[in-house]
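Student: The following block contains a protein sequence and its predicted model.
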Amino acid sequence: MPTQSSVKEKSGIKIKEPKKYQVIMLNDDFTTMEFVVDVLVDIFKKDRASAEQIMMFVHKNGRAVVGEYPYDIALTKTTEALDRAKAEGFPFRMTIQEA
């Protein structure tokens, strides 16, 4: 009776993690603190206390990294935040850079 043997194949495919990109929030003198906190909670999924800490850091230091994501996600979140700011009349600014 023939026996079945298992054969392992080695593939040459290596899976790499996607590059990460930092979303950086920049300070301005016109966007309200409440708006910034709301963006951090709604779009970047921060809890309210963390959002307030980040907002104050941006206010005092001029900028802060609010998250690291694959490029498509970083771009989507940044675009959503900037579109919301534009709709509400704020000159809010964010940028993306490779981590």
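Tutor: Yep, it's here.
Student: okay, CA-based contacts and neighbour counts for the rest of this
Tutor: Noted.
Student: Helices of the protein, residue ranges please.
Tutor: Counting by DSSP state H, the chain has helices at residues 33-42, 48-61, 71-87.
Student: The last one to helix 33-42, inter-axis angle?
Tutor: Counting by axes from the mean of the first three to the mean of the last three C-alpha atoms, to 10 degrees, helix 71-87 points 150 degrees away from the direction of helix 33-42.
Student: Go through helix 71-87 and flag the buried ones.
Tutor: Within helix 71-87, the residues that qualify as buried by neighbour count (16 or more other C-alpha atoms under 10 Å) are 71, 74, 75, 77, 78, 81, 82, 85.
Student: With stretch 58-70 instead?
Tutor: 58, 59, 63, 64, 65, 66, 67, 68, 69.
Student: Over to the closest residue to residue 59 other than its chain neighbours: give its phi and psi.
Tutor: Using C-alpha to C-alpha, 6 or more residues apart in numbering and skipping the chain neighbours, the partner closest in space to residue 59 is residue 27 (5.7 Å). When read as degrees, to the nearest 10, the backbone of residue 27 gives phi -80, psi 150.
Student: Good, we can wrap up now.
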